[in-house]
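Asker: Requesting a structural model of the entry that follows:
(chains A and B)
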Amino acid sequence: TQLLEQSPQFLSIQEGENLTVYCNSSSVFSSLQWYRQEPGEGPVLLVTVVTGGEVKKLKRLTFQFGDARKDSSLHITAAQPGDTGLYLCAGENYGQNFVFGPGTRLSVLP
Amino acid sequence: EAQVTQNPRYLITVTGKKLTVTCSQNMNHEYMSWYRQDPGLGLRQIYYSMNVEVTDKGDVPEGYKVSRKEKRNFPLILESPSPNQTSLYFCASSSGLVNYEQFFGPGTRLTVL
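Answerer: The predicted model follows:
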């Protein structure tokens, strides 16, 4: 069974700080996706990384896929209260199955 | 508006009483999937379907059934619910064209007494 681990599990920071969230696995995935979930709602896709070593930027969010396609990181610059939520990484194998990490719950305090 | 809808959003039932949670998408997506979300465990895939009449087990299929008779609908059936199936359920769909990026429904909170 493939597993994804995320760290930290919880993170509470002040507005304006930077942070990094990690997603690690012993398995290789065809792509890795990051989602954000807010209370009472379904996850919403932020980004997909496919190529080992790939870096994608989405405004203040920077996503990186490890060279071996087993791990990924999400870096947020100058966090804002609107970034508060549950961040989930998900590994995908050509649509055959999805594996989600347990999530990092981020709280950004004003 | 492109969306995935689920019904009901909330359901309280008793052990052994058969129930169906419906899922429908209006994006003509071929891929659909069901997940359950439990505290500390994240989202776990129950079943997925890559096209009409094609379904396959995910990581936690025991106690669940699905069917895919039409492209837009993917109902989740619990023939004899038990308390350990109390959870938050999400349906998702994907075109499969761009790395299977998924669109999620709003969730169904199920309580089995």
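Asker: can you give me the strands in chain A?
Answerer: Counting by DSSP state E, chain A has strands at residues A:5-7, A:10-14, A:19-24, A:31-37, A:44-49, A:55-58, A:61-65, A:71-76, A:85-92, A:98-100, A:104-109.
Asker: In chain A, which residue sits nearest chain B?
Answerer: Distances between chain A and chain B by C-beta to the nearest C-beta are smallest at residue A:42, namely 3.1 Å. No exception for glycine: its C-beta is placed from N, CA and C like everyone else's.
Asker: Just confirm that residue contacts residue B:104, I think it does.
Answerer: Yes: with contact defined as C-beta atoms under 8 Å, residue A:42 counts as touching residue B:104 (3.1 Å).
Asker: Out of the strands of chain A, which gets nearest to residue B:73?
Answerer: For residue B:73, the closest of the strands of chain A is strand A:98-100, at 20.1 Å, according to C-beta to C-beta.
Asker: Tell me if the closest one is near chain B.
Answerer: Yes: residues of strand A:98-100 are located near chain B by C-beta under 8 Å from any C-beta of the partner chain, namely A:98, A:99, A:100.
Asker: burial count for the second one?
Answerer: Right, the one you point to is residue A:99. Here the number of neighbours of residue A:99 (other C-beta atoms under 10 Å in any protein chain shown) works out to 23.
Asker: Just list whatever residues bridge to it.
Answerer: residue A:91 (DSSP bridges).
Asker: Just the pLDDT at it, thanks.
Answerer: With respect to pLDDT, residue A:99 has a value of 91.
Asker: circling back: what residues do residue A:42 and residue B:104 have in common as contacts?
Answerer: B:4, B:90, B:92 (C-beta atoms under 8 Å, 6 or more residues apart in numbering or on different chains).
Asker: ok, of the residues you listed, which one's closest to residue B:17?
Answerer: Nearest member of the shared contacts of residue A:42 and residue B:104 to residue B:17, counting by C-beta to C-beta, is residue B:90, at 22.0 Å.
Asker: so that closest one bridges to which residues?
Answerer: Under the criterion used (DSSP bridges), residue B:90 bridges to residue B:35.
Asker: Where does pLDDT dip in chain B?
Answerer: Across chain B, the ranges flagged by pLDDT under 70 are B:97-99.
Asker: How about the residues of it by chain A?
Answerer: With C-beta under 8 Å from any C-beta as the criterion, chain B comes near chain A at residues B:4, B:31, B:33, B:35, B:40-45, B:48, B:50, B:56, B:58-59, B:90, B:92, B:94, B:96, B:98-107.
Asker: Can you tell me which helices and strands the least confident helix or strand in chain A by mean pLDDT packs against?
Answerer: Sorting the helices and strands of chain A by mean pLDDT, DSSP states H and E puts strand A:98-100 at the bottom, at a mean of 90. Secondary-structure packing of strand A:98-100 (3 or more C-beta pairs under 8 Å, 6 or more residues apart in numbering or on different chains; DSSP states H and E): strand A:85-92, strand B:31-38, strand B:42-51.
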